[in-house]
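In: A predicted structure for the sequence below; I have some questions about it.
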Amino acid sequence: MSTITMKTLSAPEAAKISTPWTTADIPSQKGRSAIITGTGGIGLETALELARAGAEVIIAGRNPRKGEDAIARIIDEAPSATVRFEQVDLASLQSIADFGARLRDQRDSLDLLINNAAVMMPPKRQQTQDGLELQFATNYLGHFALTAQLMPLLCEGEKPRVISLSSVAARDGIIDFADLQSEHHHKPMRAYSQSKLACLMFALELQRRSAAGQWGVTSIAAHPGIARTDLLHNAPGRWSAIGTARTLLWFMFQPASQGALPSLYAATSPTAKGGSYYGPASFSETRGAPTTATIPKQALDAEAASRLWEISEHLAGITIPAPREARDVTLEELDDPE
């Protein structure tokens, strides 16, 4: 196991949210555009509220049927919503590249990217077609590549924001540079925690690079606490030990709509700050109204974050271009970074 701890930053200062923030506080999103990964749970609730507030919303996911179901629910609850589905498999770098090419061909700008979708704790180690461990690939590296693919559009957006979803599990995460793909030592929860810590470190590093280079792109991290979604039913299985706990102890999990509030605050609030981390306020950040969350110490290791960024560029075969480069980059250059 190899970790770097030479340069640890202090957690960025962010004001606590003084009054319980709800969806009623979402400012109008008319004229803004958003891409959200994930067709259910937190992603669906986030998409619904953004669409209800007037944003043009694209739900990006792997399963078209689930995408159609998500669109149907949003239209049912917000009939005037502008929302559609686009297919992308975050476990496939080629699928992400194809998605990015389609979107760059379809539109000129993007205001909001919410890196939300995740897979949690498949009982056995699974490997993607790119040779990567499934949770690392889907939860983290896929969103790293997606952000790179969409950066040219974000750079043309109006006050663009990138929101990356982490988890309370990141508290126990370790970036194991000697075994990022869990090839030598695989435990499902350990791999999940690493992937979610990586998401948080990516959000903070993106903000640092954006601020240093004056990119104009704001990067914020959020986590939903413990929410009543299908995440534990999908991969471990409904009748696995943890899936059974999720089923029988449902009342201990806050509704998905409540779990979406930190993402929505980060995405829409004028007072949300770049480089901040938002999560639920109560019961050790597992439920409640959104507030400034505690960033785990290991996520503040700036040298480790920079190293992870460089490794991610190598693994994904793509760099995240700075704004001037992003505006000039061609489709061919993104498809073939060499």
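Out: Everything's here; your move. Numbering: from 1, shown residues only.
In: How many residues are close by I71?
Out: 20 (other C-beta atoms under 10 Å). C-beta here means a position set from N, CA and C on the backbone, and glycine is covered the same way.
In: is it true that it lies in a helix?
Out: Yes: checked against DSSP: H, G, I helix; E, B strand; the rest coil, I71 lies within a helix.
In: Mind pulling up the pLDDT for it?
Out: For I71, the pLDDT comes out at 98.
In: My read is that it contacts V83, right?
Out: Yes: contact criterion C-beta atoms under 8 Å: I71 and V83 qualify, at 5.8 Å.
In: Touching both of those two, which residues are there?
Out: Residues touching both I71 and V83 (C-beta atoms under 8 Å, 6 or more residues apart in numbering) are I59.
In: for this protein, what spans make up the strands?
Out: For the chain, the strands defined by DSSP state E cover 33-37, 56-61, 82-87, 112-115, 161-165, 218-222, 227-228, 254-255, 277-282, 287-292.
In: Flag the shaky bits of the stretch 1-150 of the chain, pLDDT-wise.
Out: 1-16, 18 (pLDDT under 70).
In: need the helices for it, in chain order.
Out: For the stretch 1-150 of the chain, applying DSSP state H, counting those that start in this stretch gives helices covering 41-52, 64-77, 93-106, 134-135, 142-154.
In: Would you format those helices as JSON lines with distance to Q87 included?
Out: Shown next, in JSON lines, are the helices of the stretch 1-150 of the chain (distance: least, C-beta to C-beta, whole Å):
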{"stretch": "helix 41-52", "distance to Q87": "14"}
{"stretch": "helix 64-77", "distance to Q87": "6"}
{"stretch": "helix 93-106", "distance to Q87": "8"}
{"stretch": "helix 134-135", "distance to Q87": "19"}
{"stretch": "helix 142-154", "distance to Q87": "13"}
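In: Which strand residues bridge P255?
Out: R228 (DSSP bridges).
In: ok, back up a step: can you put the strands of the chain in TSV and add distance to Q181 and mean neighbour count?
Out: Formatted as TSV, these follow (distance: least, C-beta to C-beta, whole Å; neighbours: other C-beta atoms under 10 Å):
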stretch	distance to Q181	mean neighbour count
strand 33-37	21	26
strand 56-61	24	25
strand 82-87	26	16
strand 112-115	20	28
strand 161-165	20	27
strand 218-222	23	28
strand 227-228	28	20
strand 254-255	33	16
strand 277-282	26	24
strand 287-292	33	21
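In: Let me have those strands in JSON lines, adding distance to A47 as columns.
Out: Converted to JSON lines, these look like this (distance: least, C-beta to C-beta, whole Å):
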{"stretch": "strand 33-37", "distance to A47": "5"}
{"stretch": "strand 56-61", "distance to A47": "5"}
{"stretch": "strand 82-87", "distance to A47": "7"}
{"stretch": "strand 112-115", "distance to A47": "8"}
{"stretch": "strand 161-165", "distance to A47": "12"}
{"stretch": "strand 218-222", "distance to A47": "15"}
{"stretch": "strand 227-228", "distance to A47": "15"}
{"stretch": "strand 254-255", "distance to A47": "16"}
{"stretch": "strand 277-282", "distance to A47": "18"}
{"stretch": "strand 287-292", "distance to A47": "17"}
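In: Would you tell me which of those strands gets closest to Q129?
Out: Closest to Q129 of the strands of the chain, according to C-beta to C-beta: strand 82-87, at 16.0 Å.
In: Direction included, what does that closest one pair against?
Out: Applying DSSP bridges to the sheet, strand 82-87 is found paired with strand 56-61 (parallel).
In: which residues sit against the strand it pairs with?
Out: Residues outside strand 56-61 that contact it (C-beta under 8 Å, 6+ apart): 32-39, 43-44, 47, 50-51, 67, 70-71, 74, 81-88, 99, 103, 117.
In: Compute the distance between the residue lying closest to P296 once chain neighbours are set aside and A203, please.
Out: With C-beta to C-beta, 6 or more residues apart in numbering as the criterion, P296 has its nearest non-adjacent residue at 4.9 Å, and that residue is R171. Per C-beta to C-beta, to the nearest Å, R171 is found 15 Å from A203.
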